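> Predicted model and sequence below, questions to follow.
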Amino acid sequence: MSPTAAVTGIALASPLGGSLDATWEALLAGRTGFTRVTATDGLYPGVAKAAAGALADDLPDVPAFGRKRLRALSRESLLVSRVGMLAWQDAGFGPGAAPDPEQTAVVLGTAAGGLTGYLQVMRDGLTLGPELVSPYAGPQGSLNAAASDLSIAAGAQGSIVTVTAGRCSGAHALTVAADYVRTGQAQAVLVAAVDVLDPLRLAAGERAGTPRPFGADRAGAPPGEAAVVLVVEDAARARARGARVHAEIAGVSALRGGADGASAAAPAVAAALAEAGVPAGGLSLVCSSAAGDPHTDRAEAFAVHGAVGSATPVHSPFGALGDCAGATALLQVALTARALADRCAPPTAGRGAPDPDLPAVATADGPRDLAGGPALVLTTDAHGQASAVVLRTP
């Protein structure tokens, strides 16, 4: 029997707070994290202004880096390293209690992390001349910078991988991490996801209205930003060292949509449930990535209804957080692990009147108690990609 991959550490920063506890309590209270954001960095014409789910700037420093080094980090690297150290501590790792550094890997998912920094380097090189570009700018502008900086902060000397697959990026990272653990390629994996607000995303957000997951009047969601880091390791090994297991990863599937743009949501759900050996009727919760986008909400409504009908509780946090791009799937995993632990599902903020053209799904505008049982995390994006993760309590 192959090892079971388990989540032993969770930390995040979201528009609702700088921790899992703060975000969870805000969701239960029905709060949203939107504020008016203005951004310009000279890379794009004009000034972008939009309602967005922005992060606070009061997260703790990263003790692994000196002050000079901190000034050189990109925003994505700083966020992931800060949050990663909190996840590492949550997993019970620290001086004298860490796994073999050569057996510790880092896998990060992002939709566009590092892109703005990369464009900044190119612009400065072309307009100012290469001699005036900071030697730190090139490495920190690379698309793998955040994963590399997280590995330095944690002292991880194993594989360092960055994957990108739109809103499903975090699920792809989790797939790689689970494979590392199950095949013995790593003792522990820091699985991260991050995307931040930039002028392009804010400009797109100007056209979005109030997020209405599955709602009749949905017209897109404001952009959001988030950083999430999980620690994944073999469940038996974790228990042997006395670690708390937040959730076990029973099944995971990440699929591309068809050439015609058809969503892979339903096949992804079927594949994850089959790997987990869980009948659809045995699920206690479905965590959806619906955020008010006409196409992704439709794909998820049909996939969820086709799998569990309209009885199983369904929750989406993105009516409160906005569209968090590549951080979406790992946010869902972290929040679903908490829902299973507390046996409670938060309300779906902004749900409004359901769309009569969509099959019914069981969202609610208040917290609900959950029966014991596994949960499904479903994530889709506008290009038809989809991922599904089945989590179960230890």
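That came in fine, so what should we check first? Computed from a predicted model, the values in this text were never measured in an experiment. Numbers count the residues shown, from 1 in each chain.
> what about the closest residue to residue 125 other than its chain neighbours, how many neighbours?
Leaving aside its chain neighbours, residue 125 sits nearest to residue 133 (5.2 Å; criterion: C-beta to C-beta, 6 or more residues apart in numbering). Placement of C-beta: from N, CA and C, glycine included. Here the number of neighbours of residue 133 (other C-beta atoms under 10 Å) works out to 18.
> Equivalent analysis for residue 169, please.
32.
> Next one: it from residue 387, what distance?
Per C-beta to C-beta, to the nearest Å, residue 169 is found 9 Å from residue 387.
> Surely residue 147 touches residue 160?
Yes - counting by C-beta atoms under 8 Å, residue 160 is a contact partner of residue 147 at 5.1 Å.
> what residues are shared contacts of those two?
In terms of C-beta atoms under 8 Å, 6 or more residues apart in numbering, residue 147 and residue 160 are both contacted by the residues residue 106.
> out of the two, which sits in the busier spot?
residue 147 (31 against 17).
> Can you check my assumption that that one lies in a helix?
Yes - assessed by DSSP: H, G, I helix; E, B strand; the rest coil, residue 147 belongs to a helix.
> who's in contact with it?
80, 106-108, 160-162, 192.
> Just give the closest residue to it, not the sequence neighbours.
Closest residue to residue 147 apart from its sequence neighbours, by C-beta to C-beta, 6+ apart: residue 108 at 3.9 Å.
> you'd agree that neighbour is in a strand?
Yes - counting by three-state DSSP, residue 108 is located in a strand.
> sorry, back to before: spit out the residues that contact residue 169 and residue 387 alike.
With C-beta under 8 Å, 6+ apart, residue 169 and residue 387 have common neighbours residue 329.
> quick one: residue 74 from residue 150, how far?
Residue 74 is 12 Å from residue 150, by C-beta to C-beta.
> Ignore what I typed, I meant residue 103.
Residue 103 is 16 Å from residue 150, by C-beta to C-beta.
> The two - which one has more neighbours?
Set residue 103 next to residue 150 and count neighbours by other C-beta under 10 Å: residue 150 wins out with 31 against 17.
> and that one, that one's in a helix?
Yes - applying three-state DSSP, one finds residue 150 inside a helix.
> What separation do you get for it and residue 391?
For residue 150, the distance to residue 391 (C-beta to C-beta) stands at 23 Å.
> repeat for residue 368
Here residue 368 is placed at a distance of 17 Å from residue 391 (C-beta to C-beta).
> Who has more neighbours out of the two?
Taking neighbours as other C-beta under 10 Å, residue 368 and residue 391 compare with residue 391 leading, 26 against 16.
> Could you chop the chain up by domain?
Taking automatic domain parsing as the criterion, the chain consists of the domains 5-247, 250-392.
> Include mean pLDDT when you put those into TSV, please.
As requested, the domains of the chain are exported to TSV (pLDDT from 0 to 100):
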stretch	mean pLDDT
domain 5-247	86
domain 250-392	92
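> For stretch 124-132, buried residues please.
Buried residues in stretch 124-132, counted by 16 or more other C-beta atoms under 10 Å: residue 124.
> swap in stretch 148-161?
Across stretch 148-161, burial judged by 16+ other C-beta under 10 Å covers 148-154, 156, 158-161.
> now the residues you listed in CSV, with distance to residue 122?
Shown next, in CSV, are those (distance: C-beta to C-beta, whole Å):
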residue, distance to residue 122
148, 20
149, 21
150, 24
151, 25
152, 25
153, 27
154, 30
156, 29
158, 31
159, 28
160, 23
161, 24
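> Phi and psi next, for residue 196.
Per-residue torsions, residue 196: phi -120, psi 170 (degrees, to the nearest 10).
> for it, what are its contacts?
55, 75-76, 79, 113, 225.
> Who wins on neighbours among those?
Using other C-beta under 10 Å as the neighbour test, the contacts of residue 196 are led by residue 113, with 32 neighbours.
> mind checking the SS state of that one?
When classified by three-state DSSP, residue 113 comes out as coil.
> List the contacts of it.
76, 143, 146, 162, 194-196, 326.
> Ok, residue 167 next?
111, 289, 296, 323-326, 328-329, 379-381, 385.
> Ok, residue 329 next?
Counted by C-beta under 8 Å, 6+ apart, residue 329 has contacts 109, 167-171, 174, 193, 289, 377, 379, 387, 389.
> quick one: it is in a helix?
Yes - counting by three-state DSSP, residue 329 falls inside a helix.
> please renumber so the chain begins at 241
Happy to do that; since the first residue is 241 now, the last one works out to residue 569.
> So it versus residue 618, what's the distance?
From residue 569 over to residue 618 the distance is 9 Å, taken as C-beta to C-beta.
> Check residue 394 too.
Taken as C-beta to C-beta, the span from residue 394 to residue 618 is 30 Å.
> just residue 580 next, same as before
15 Å.
> Who has more neighbours out of the two?
More crowded of residue 580 and residue 618, by other C-beta under 10 Å: residue 618, with 28 against 24.
> before we move on, the earlier item: in a markdown table: the contacts of residue 353, plus secondary structure and distance to residue 485.
Formatted as a markdown table, the contacts of residue 353 follow (DSSP: H, G, I helix; E, B strand; the rest coil; distance: C-beta to C-beta, whole Å):
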| residue | secondary structure | distance to residue 485 |
| --- | --- | --- |
| 316 | helix | 29 |
| 383 | coil | 32 |
| 386 | helix | 26 |
| 402 | strand | 27 |
| 434 | strand | 24 |
| 435 | strand | 28 |
| 436 | coil | 30 |
| 566 | helix | 26 |
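> Many thanks, I have nothing further to ask.
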